[in-house]
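**Q** after the sequence you'll find the predicted model.
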Amino acid sequence: MKVMICDDEPLARDRLTRMLARIDDVTLVGEAQNGRELLLGIQLHSPDIVLTDIRMPTMDGLEAATHIANLDQPPAIVFCSAYDEYAIKAFQVQAIGYLLKPIRQNDLEDVIRQASKVNKAQLASVRQEMGGEDVDEPVSARQCISVKSHRGLELIPISDIRYFKADQKYVTVRYSEGEVLVDETLKELEDELVGRFVRVHRNALVSLAHLEAVENLDSGYQVRLQGVEEKVVISRRHVAVLKKRLQAM
């Protein structure tokens with residue numbers, strides 16, 4: 001059983017390393033101190049199980065797990081959390097492996113035996129639960145969108161995206177270097193990225209940070225976005241909402 005650990009605290013990683021060494025048929029294949037390093041390590045080492053902290057700089061454990069779930073053969077994910085039992089209920093309900101810090105040896109052994117693959121629906125539910133009133137610090141939205149290419153898993157920063165546009169079962173992501181397709185829905189993206197993107201059409205979300213102008217045409221309105229030639233049409237029912245959002249900025 002190949003295992004990777006991810007924690008921004010060196011002492012926590014060292015402790016897990018010692019504990020894993022006591023378990024037969026388990027091999028530690030890599031360490032990471034944030035979600036980005038973890039994603040790179042997974043592509044290099046192909047672990048069976050990932051033990052990851054939740055709160056980390058650069059990319060937290062939940063966002064990393066969201067990207068991991070997009071892999072063709074994702075490893076099992078076990079979250080390591082310092083939250084009290086009441087907050088951990090979210091993980092129990094979704095049957096995602098978890099360990100409450102400080103981690104005990106027998107708990108680590110049990111969760112490795114029982115770890116199962118995590119899917120995107122489970123992660124979305126956990127993120128919603130963790131962002132609820134029972135948690136002092138809500139979980140932030142993703143900072144990146146993950147796509148699979150011939151180079152493996154690639155991350156596109158949300159801050160670099162100009163718009164999302166739905167087309168049948170896929171959504172086109174337009175960013176500074178081109179376009180990619182993702183299999184998420186506009187509704188999911190709109191709910192998660194509220195405050196950063198705004199719906200201008202039933203099939204389009206645009207970045208408020210990159211919005212340069214609302215242009216009035218004979219046939220209606222369109223949005224001009226920084227760094228891209230394409231214009232995004234605004235439906236009549238969304239014009240008033242968009243103008244209100246811009247006035248509040």
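**A** The structure has been received and is ready for your questions.
**Q** C-terminal to the worst-scoring helix or strand of the chain on mean pLDDT, what's the next element?
**A** Across the helices and strands of the chain, mean pLDDT, DSSP states H and E gives its lowest value to helix 85-93, namely a mean of 57. With elements assigned by DSSP states H and E, the helix or strand that comes after helix 85-93 is strand 97-100.
**Q** state the mean pLDDT of that following strand.
**A** Strand 97-100 carries an average pLDDT of 84.
**Q** stretch 177-187 too?
**A** 90.
**Q** residues of it that come out buried?
**A** Across stretch 177-187, burial judged by 16 or more other CB atoms under 10 Å covers 180, 182, 184, 186. From N, CA and C alone the C-beta is placed, and that goes for glycine too.
**Q** so which of those residues belong to strands?
**A** In this view, the buried residues of stretch 177-187 that belong to strands under DSSP state E are 180, 182.
**Q** centre-most residue in this protein?
**A** Glu63 (3.1 Å; CA atoms, centre = their mean).
**Q** quick one, what contacts the residue nearest to that residue when sequence neighbours are not counted?
**A** Distance criterion CB to CB, 6 or more residues apart in numbering; nearest residue to Glu63, sequence neighbours excluded, is Arg142 at 4.8 Å. The neighbourhood of Arg142, defined by CB atoms under 8 Å, 6 or more residues apart in numbering, consists of 63, 66, 158, 192.
**Q** so Arg142 is in which element?
**A** Going by DSSP H and E, Arg142 is not in any helix or strand.
**Q** Arg162 too?
**A** Using DSSP H and E, Arg162 falls within strand 161-167.
**Q** just the C-alphas of that strand, formatted as PDB.
**A** Output of strand 161-167 as PDB, limited to C-alpha atoms (Å, rounded to 0.1, in the frame of the first residue of the first chain):
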ATOM      1  CA  ILE A 161     -10.600  32.900 -16.000                       C
ATOM      2  CA  ARG A 162     -12.600  35.400 -18.000                       C
ATOM      3  CA  TYR A 163     -15.900  33.500 -18.400                       C
ATOM      4  CA  PHE A 164     -17.700  30.100 -18.100                       C
ATOM      5  CA  LYS A 165     -20.100  29.300 -20.900                       C
ATOM      6  CA  ALA A 166     -22.400  26.300 -21.000                       C
ATOM      7  CA  ASP A 167     -22.800  24.200 -24.200                       C
END
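**Q** residues contacting that strand, please?
**A** In contact with strand 161-167 (CB under 8 Å, 6+ apart) are residues 145, 171-176, 185-186, 189, 197, 202-207, 210, 225-228, 232.
**Q** now, of those, which are buried?
**A** 145, 171, 173-175, 186, 189, 197, 203-207, 210, 225, 228, 232.
**Q** where does the chain have low pLDDT?
**A** Scanning the chain for pLDDT under 70 picks out 84-96, 116-122, 124-125, 127-141, 249.
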